[in-house]
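**Q** no FASTA, just this:
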Ligand SMILES: [Ca+2]
Ligand SMILES: [Ca+2]
């Protein structure tokens, strides 16, 4: 008789609080998922850019630094197109959009990306100092990979003219 008026179950206010808490939990999960998707997209772009940089590195690695007959500044010789590029100097100031692979084929699936190459002679005792073309026996190659107009990654390395 003592507990005759006691009601079991949840009151309306308890149910509303529970719904509110579940709603907050779902909202935070959705936000976390969005952040993860964005971070994952950035990771994919970086991986793609690294792949494209590696393509350029491999493409130019086996080429002579300068054309045996070249006496003009770095760049392609008269009449040379990308398909004819046969020395590292040909790539100076070249931008490839869409980017190209190790066989100089365009990678149309990555058309939002581009590769930019700069070839410069540097001072043998200070590789940070650029000298005139053919001004030293050391060449610094800089490759930058862009997505649209944003630079994603860059790398540079040295080659000797021997
Ligand atoms: Ca050439
Ligand atoms: Ca050349």
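**A** Thanks, I have the structure now. These numbers were taken from a predicted model, which means no experiment stands behind them. Ligands and ions are numbered 1, 2, ... in the order given.

**Q** next, count neighbours for residue 97.
**A** 14 (other C-beta atoms under 10 Å). Any C-beta I mention is one placed from the backbone N, CA and C, and that applies to glycine too.

**Q** three-state assignment of the residue most central in space within the chain?
**A** Residue closest to the average C-alpha location in the chain (C-alpha atoms, centre = their mean): residue 49, at 2.5 Å. In three-state terms, and counting by DSSP: H, G, I helix; E, B strand; the rest coil, residue 49 is helix.

**Q** so what's it up against?
**A** Applying C-beta atoms under 8 Å, 6 or more residues apart in numbering to residue 49 gives the contacts 113, 145, 147, 152-153.

**Q** so which bits of the protein are right by ligand 2?
**A** 67, 70, 87, 89-90 (C-beta under 5 Å from the ion).

**Q** highest neighbour count among the contacts of residue 49?
**A** residue 145 leads these on contacts (other C-beta under 10 Å) with 28 neighbours.

**Q** what's the first helix or strand after the host helix or strand of that residue?
**A** Per DSSP states H and E, residue 145 falls inside strand 138-147. Following strand 138-147 in sequence order, the next helix or strand is strand 150-160 (DSSP H and E).

**Q** who does that following strand pair with, and is each partner parallel or antiparallel?
**A** According to DSSP bridges, strand 150-160 forms sheet pairs with strand 138-147 (antiparallel).

**Q** and for the strand it pairs with, what's in contact with it?
**A** Counting by C-beta under 8 Å, 6+ apart, 45, 48-50, 52-53, 56-57, 60, 65, 88-89, 91, 99, 112-124, 127, 130, 151-161 sit against strand 138-147.

**Q** just the buried residues of those.
**A** Buried by 16 or more other C-beta atoms under 10 Å: 45, 48-49, 52-53, 56, 60, 65, 88-89, 91, 99, 113-122, 152-153, 159, out of the contacts of strand 138-147.
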